[in-house]
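Engineer: Next come a sequence and a model predicted from it.
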Amino acid sequence: MVDPLLVELSRLQFALTAMYHFLFVPLTLGLSIMIAMMETVYVMTGRVIWREMTKFWGLLFGINFALGVATGITMEFQFGMNWAYYSHYVGDVFGAPLAIEGLMAFFLEATFVGLFFFGWEKLSPRAHLVVTWLTALGTNFSALWILIANGWMQNPVGSSFNPDTMRMEVTNFAAVIFNPVAQAKFVHTVSAGYVCGAAFVLGISAFYLLRGRHVELAKRSFVIAAAFGVASSLSVIVLGDESGYEITDNQKMKLAAMEAMWETEPAPASFTAIGLPDMESKTTKYSIQIPWVMGLIGTRSFEQQIPGVFDLVKKAEGRIRNGLIAYDALEAIKADRNNAEARIRFNTAQSDLGYALLLKRYIEDPRRATEAQIKEAAWSTVPTVPAIFFTFRLMVLCGFLLLAVFLVALWFTTRERQAPRWLFQIALLAMPLPWLGVEFGWFVAEFGRQPWIIEGVLPTFLATSSLGVTDLLITILGFTLVYGALAVVEVKLMLQAISHGPSGLHQEPEGMSISLVPAE
């Protein structure tokens, strides 16, 4: 039997490193596109201020990029160190997108990042602009392959279990690449990164405008950030809706947990704006519901029902029973590779093998499980509903608050009047919101998938390495200390660069047609 503490510590360590790493990824995505836009304006107009804007925001991009790379490498090593059985069981499928990300996107990105920083005096303006756009594309390609790998964990298409090798293997790589869950996650995650970049530029520009420093650079940056932020925020909302639609088809239990929907409601289902889910009584108290909204978001129809937790648990119980047929057949195949009858039985039930493996939490041989253990295993497919329910709503709240900030900022950039100081103060205060939103989003995506590390295929508690609890405690402490030191370095370098400002601007050029100087 697997030590539950070992599993929880392995999960905790991966969560800490993954969520820390993801502090850097969205800003890299957003800033790379914005500096490419700024340099495009420079090449088109020839105005030096746009070149200095590109170099200044590019410096902040570079600091962030370096920390992102350093923390990202750690992530890939953890699969082999802390999740050895996971790597063995699904490495043929999961490893392919990671390898492509490393060979193509990472090297493409790293090569052009170097050319971006050291090629200003070596390349023509047009050639350097091409480099800058390729840098931006490299960051997005990197995210694409990572999210293809993660999307497969959420919806394991294009693969099947091979009873001869006892591993998952690729059967259709195109299906893995064009997995609808992966594609929806990619565009939604990248758009969230663009929001991060826009909020960062907006906040730093607001800081300069409040202090009356680098005003011309700050005004132009503020305008671009406001417009880019509005477009990005709207895309996040629209693409988030698409992600919800994909969850309806592929991760029904996660959707039920997000909505704290215990009972299957008549179509179209209501959206619970707020409530108090209770895992003990399996009800949602004090709920305020908006009719029809969840049904329209989740199914795009008035007729299709969204199943509740109770019905999904009953379905999971049936899949566990069917999975026991596959498990028994697999044991027969292991004893006799030429057992044709066992292979036929396995093929008819292999899609539910993962559900039978849930019983290994309670008994070594799932075939000897009692009725009570089968029911308990079925209920283990329900994630912690209150955590998912509230985190999802906090993510949505962050998104709409940011949209409001960007809309107000954009409105003032179109007016021939002085902007109020409170606008810039709000822009500064809003800077943490996109990071909170993306961390909440990743929590919903990953914690909401539990108890699966591969949805419906491999339970998380079976995927760990044979490490000791002491080993994990030491490494968690080590990661915390090292990452804490890196965070201090990151913040210090960022603050120094922001305090110093754009070094190339010895005199400010003529102002823009709009007035963003804060009113007294």
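Structural biologist: Everything's here; your move.

Engineer: Give me the buried positions along stretch 38-58.
Structural biologist: Neighbour-count burial for stretch 38-58, counted by 16 or more other CB atoms under 10 Å, picks out 38-39, 41-43, 49-58. Where you see a C-beta, it was placed from the backbone N, CA and C, and this is true even at glycine.

Engineer: how far out from the middle of the chain is that stretch?
Structural biologist: Here the centre of stretch 38-58 is set off from its chain's centre by 31 Å, with CA atoms, centre = their mean, to the nearest Å.

Engineer: Ok, stretch 300-320 next?
Structural biologist: For stretch 300-320, the distance to the chain centre is 26 Å (CA atoms, centre = their mean).

Engineer: which residues are contacting that stretch?
Structural biologist: By CB atoms under 8 Å, 6 or more residues apart in numbering, the surrounding residues in contact with stretch 300-320 are 245, 248, 252-253, 255-257, 259, 261-269, 282, 292, 294-296, 298-299, 352, 355-356, 358-359, 374-375, 377-379, 381-382, 385.

Engineer: ditto for stretch 64-81
Structural biologist: The set of residues external to stretch 64-81 that reach it, using CB under 8 Å, 6+ apart, is 13-14, 17-18, 20-21, 24-25, 27-28, 31, 86-87, 94, 98, 102, 110, 113, 465, 467, 479, 483, 486, 489-490, 494.

Engineer: which ones are touching Met294?
Structural biologist: 259, 261, 268-272, 306.

Engineer: Tell me where the model's unsure across this protein.
Structural biologist: For the chain, the stretches flagged by pLDDT under 70 are 1, 105-106, 416-417, 504-520.

Engineer: Show me the domain layout of it.
Structural biologist: As assigned by automatic domain parsing, the chain contains the domains 4-251+384-502, 265-299, 309-379.

Engineer: about what we covered before: what's the most distant pair in the buried residues of stretch 38-58?
Structural biologist: Largest separation among the buried residues of stretch 38-58 by CB to CB: Val43 and Phe56, giving 16.8 Å.

Engineer: The closest residue to Trp442 other than its chain neighbours: neighbour count?
Structural biologist: Nearest non-adjacent residue to Trp442, counting by CB to CB, 6 or more residues apart in numbering: Phe22, 6.0 Å away. By other CB atoms under 10 Å, 20 other residues sit near Phe22.

Engineer: Closest to the centroid, which residue in the protein?
Structural biologist: Trp442 (4.5 Å; CA atoms, centre = their mean).

Engineer: thought that residue was touching Leu23?
Structural biologist: No - contact between Trp442 and Leu23 fails when scored by CB atoms under 8 Å: they sit 10.7 Å apart.

Engineer: ok so Glu280 is a strand residue?
Structural biologist: No - according to DSSP: H, G, I helix; E, B strand; the rest coil, Glu280 belongs to no strand; its state is coil.

Engineer: how close does it get to His188?
Structural biologist: 33 Å (CB to CB, to the nearest Å).

Engineer: So which of the two has more stuff around it?
Structural biologist: Between Glu280 and His188, counted using other CB under 10 Å, His188 has the larger neighbour count: 24 against 5.

Engineer: Enumerate every residue touching the more buried one.
Structural biologist: By CB under 8 Å, 6+ apart, the contact set of His188 is 236, 239-240, 242-243.

Engineer: Give me the subset of those lying in helices.
Structural biologist: Judged by DSSP state H, helices contain the following of those: 236, 239-240, 242-243.

Engineer: Can you add distance to Asn322 and neighbour count and give those residues back as JSON lines?
Structural biologist: Converted to JSON lines, the ones in helices among the contacts of His188 look like this (distance: CB to CB, whole Å; neighbours: other CB atoms under 10 Å):
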{"residue": "Val236", "distance to Asn322": "39", "neighbour count": "29"}
{"residue": "Leu239", "distance to Asn322": "35", "neighbour count": "19"}
{"residue": "Gly240", "distance to Asn322": "34", "neighbour count": "20"}
{"residue": "Glu242", "distance to Asn322": "31", "neighbour count": "16"}
{"residue": "Ser243", "distance to Asn322": "29", "neighbour count": "19"}
